[in-house]
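S.K.: structure for the following, please:
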Amino acid sequence: MVNSRRRRRPPVRRRPAGRPALRRRRSRRGSQDVQLIMIVVAAAAVLGLGLALVRWLAAHGWVLAVAVLLAAVVGGLGLYRRVQREQWEQVRAQGLRYAMSQLDALHHREFEHAVRDLMRRDGCRDARQVGGAGDNGADVTATDPYGRRWVIQCKHRQDGDRGSAVGTPDLHVLNGTARQLHGADVVVLVTNGRFSAKCPPLAKSQKLHLVDRRVLGEWAAGGRPLWELLKAVPPQRGPSRLP
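M.R.: Got it, this is the predicted structure:
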């Protein structure tokens, strides 16, 4: 007799879906444990070497004394050289003079450096040349010994006062950025050339200062600081740092 019932196949056992993820977690945990063990071993080795070095130095104190002495000598020499360099820079700056023919022969970037050096000569120790792409109208910045912040724009003319005059557009740019972006107390436009006729009235109305060829020549060739040559400079913001 043929059995009409079909034999049922045993159900297929499926692995839990989370088994591969569990294995990955166990693998990561294992690598983290190995890394932790390596860190502990390395720290113990460093500590052991440090303790061994301390014991060795304790037994050979003269080595530590020589090392301290050498460090003191090297540090002293470095300090001495820095002081000598600063003193030399002060002497050089105090004697710095430029003739107008020298300033005329400069590249416009060198002209900015010359203005920076003149400000340093006058006691502005933080004077910097900052002109270049994206300078927002400032070529030289400095803080004078009375705490006033100076922002200077430089316009060099190869032909001196025979070259093209500096016009009001340059003043507008400087006036729009010097105080707002650079925090200026004193805003100056300096040139080895000349200014157009419209510049002085605009500068006066906006409290800007113009340094033309005549004023620049007096400043560069003499020993008086720029703030003594300009009129209506803002009052000092603090006690003088000059000796």
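
S.K.: helices and strands of this structure: which one has the lowest mean pLDDT?
M.R.: Using mean pLDDT, DSSP states H and E, the weakest-scoring helix or strand in the chain turns out to be helix 61-94, at a mean of 69.

S.K.: so residue 187, which state does it fall into?
M.R.: Look at residue 187: counting by DSSP: H, G, I helix; E, B strand; the rest coil, its state is strand.

S.K.: for it, which non-adjacent residue is closest in space?
M.R.: Nearest residue to residue 187, sequence neighbours excluded (Cβ to Cβ, 6 or more residues apart in numbering): residue 178, at 4.2 Å. For every residue, glycine as well, the C-beta is placed using N, CA and C.

S.K.: what's the separation between that neighbour and residue 116?
M.R.: 16 Å (Cβ to Cβ, to the nearest Å).

S.K.: neighbour count winner among those two?
M.R.: residue 178 (27 against 22; other Cβ atoms under 10 Å).

S.K.: separation between that one and residue 208?
M.R.: 8 Å.

S.K.: endpoint to endpoint, stretch 194-209 covers what distance?
M.R.: One end of stretch 194-209 to the other measures 13 Å (Cα to Cα, to the nearest Å).

S.K.: from the middle of its chain, how far away would it be?
M.R.: Relative to its chain's centre, stretch 194-209 lies at 32 Å (Cα atoms, centre = their mean, to the nearest Å).

S.K.: residues contacting it, please?
M.R.: With contacts defined as Cβ atoms under 8 Å, 6 or more residues apart in numbering, stretch 194-209 is touched by 161, 165-168, 171, 174-175, 186-189, 210, 212-213, 230, 232-233.

S.K.: mind giving me the domain ranges of this protein?
M.R.: 24-92, 99-229 (automatic domain parsing).

S.K.: and the last one, average pLDDT?
M.R.: This points to domain 99-229. Domain 99-229 shows a mean pLDDT of 94 in the predicted model.

S.K.: first to last residue in it, what's the distance?
M.R.: For domain 99-229, the end-to-end distance is 17 Å (Cα to Cα).

S.K.: quick one on the thing from earlier: so can I have TSV of the domains of the chain showing distance to residue 237?
M.R.: Shown next, in TSV, are the domains of the chain (distance: least, Cβ to Cβ, whole Å):
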stretch	distance to residue 237
domain 24-92	23
domain 99-229	3
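
S.K.: list residues touching both of residue 178 and residue 208?
M.R.: residue 187.

S.K.: can you pull the contacts of residue 186?
M.R.: Per Cβ under 8 Å, 6+ apart, neighbours of residue 186: 144, 148, 149, 150, 151, 209, 227, 230, 233, 234.

S.K.: so the first one is in contact with residue 123, correct?
M.R.: This means residue 144. Yes - using Cβ atoms under 8 Å, residue 144 is in contact with residue 123, at 6.6 Å.

S.K.: quick one: common contacting residues for the two?
M.R.: Joint contacts of residue 144 and residue 123 (Cβ under 8 Å, 6+ apart) are residue 225.

S.K.: higher neighbour count, the two?
M.R.: residue 144 (26 against 21).

S.K.: what about the strands in the protein?
M.R.: All strands of the chain, identified by DSSP state E, fall at 128-129, 140-143, 149-155, 186-191, 209-211.

S.K.: can you lay out the ones you listed as a markdown table showing distance to residue 103?
M.R.: Listed next are the strands of the chain as a markdown table, based on distance: least, Cβ to Cβ, whole Å:
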| stretch | distance to residue 103 |
| --- | --- |
| strand 128-129 | 15 |
| strand 140-143 | 14 |
| strand 149-155 | 10 |
| strand 186-191 | 10 |
| strand 209-211 | 12 |
